[in-house]
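Enquirer: okay, predicted coordinates and the sequence, questions at the end:
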Amino acid sequence: MENSKRGFLPMRHGIKFTKKQSPKTDEKLKRMSNIPYASTVGSIQYVIQCTRPDVAYALSAMSRYQACAGEAHWSAVKTILKYLKRTKDMFLIYGFVFKLNGGVVAWKCSKQAATVDSITEAEYLAASKAAKEAVWMKNYI
């Protein structure tokens, strides 16, 4: 899993998951019983609740098959894990620049400290910080 090229998206496009992909033979049932599918799904669910809502849809699709997970389902869960590993250092950066008579008088570029649930919320926080700076500058100038 460490050398895998996958993990650019939490779920591959166009793949349909069904109960028909669940193991049918005793050999496959035994093999899947040794795989920690339910605990892995639960761990990812915890991560979603805390910091990573971007994988919620992919995990909800995989949560449906906890009682009868097959190889395709396990492969999809591993894809989610690879995505989480690949994107663990990604974060939101916001910034603003204020100019007066063609010259920069204030600027900021910073990592957003708050964990947000949507891009809209992230943009709102960035606009709020820029507005606070604008109000301060208006009072100063």
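Expert: All right, it came through fine.

Enquirer: please make it C-alpha for all contacts and neighbour counts, starting now.
Expert: Noted.

Enquirer: tell me the spacing between the residue nearest the centre of the chain and residue 40.
Expert: Centroid-nearest residue in the chain: residue 54, 3.4 Å away (criterion: C-alpha atoms, centre = their mean). Using C-alpha to C-alpha, to the nearest Å, we find residue 54 at a distance of 17 Å from residue 40.

Enquirer: same question for residue 75.
Expert: 12 Å.

Enquirer: compare the two (neighbour count), which wins?
Expert: Relative neighbour count places residue 40 above the other of residue 75 and residue 40, with 15 against 11, counting by other C-alpha atoms under 10 Å.

Enquirer: got the contact list for that one?
Expert: residue 77 (C-alpha atoms under 8 Å, 6 or more residues apart in numbering).

Enquirer: what's the helix or strand for it?
Expert: Taking DSSP states H and E as the definition, residue 40 sits inside helix 37-50.

Enquirer: and the average pLDDT for that helix is what?
Expert: For helix 37-50, mean pLDDT rounds to 89.

Enquirer: what of stretch 83-100?
Expert: 83.

Enquirer: contacts for it?
Expert: 6-10, 104-112, 122, 126, 130.

Enquirer: so which of these belong to strands?
Expert: Here DSSP state E is the test, and the contacts of stretch 83-100 give 104-111 as lying in strands.

Enquirer: picking that back up, looking at this, the residue nearest to the centre of the chain is in a helix?
Expert: Yes: assessed with DSSP: H, G, I helix; E, B strand; the rest coil, residue 54 lies in a helix.

Enquirer: which ones are touching the closest residue to it other than its chain neighbours?
Expert: The shortest distance from residue 54 to any non-neighbouring residue, by C-alpha to C-alpha, 6 or more residues apart in numbering, is to residue 48 (7.6 Å). Residues counted as contacts of residue 48 (C-alpha under 8 Å, 6+ apart) are 54-56.

Enquirer: quick one: the helices in this protein?
Expert: Remark: helices assigned in the chain by DSSP state H are 26-33, 37-50, 56-63, 71-86, 119-140.
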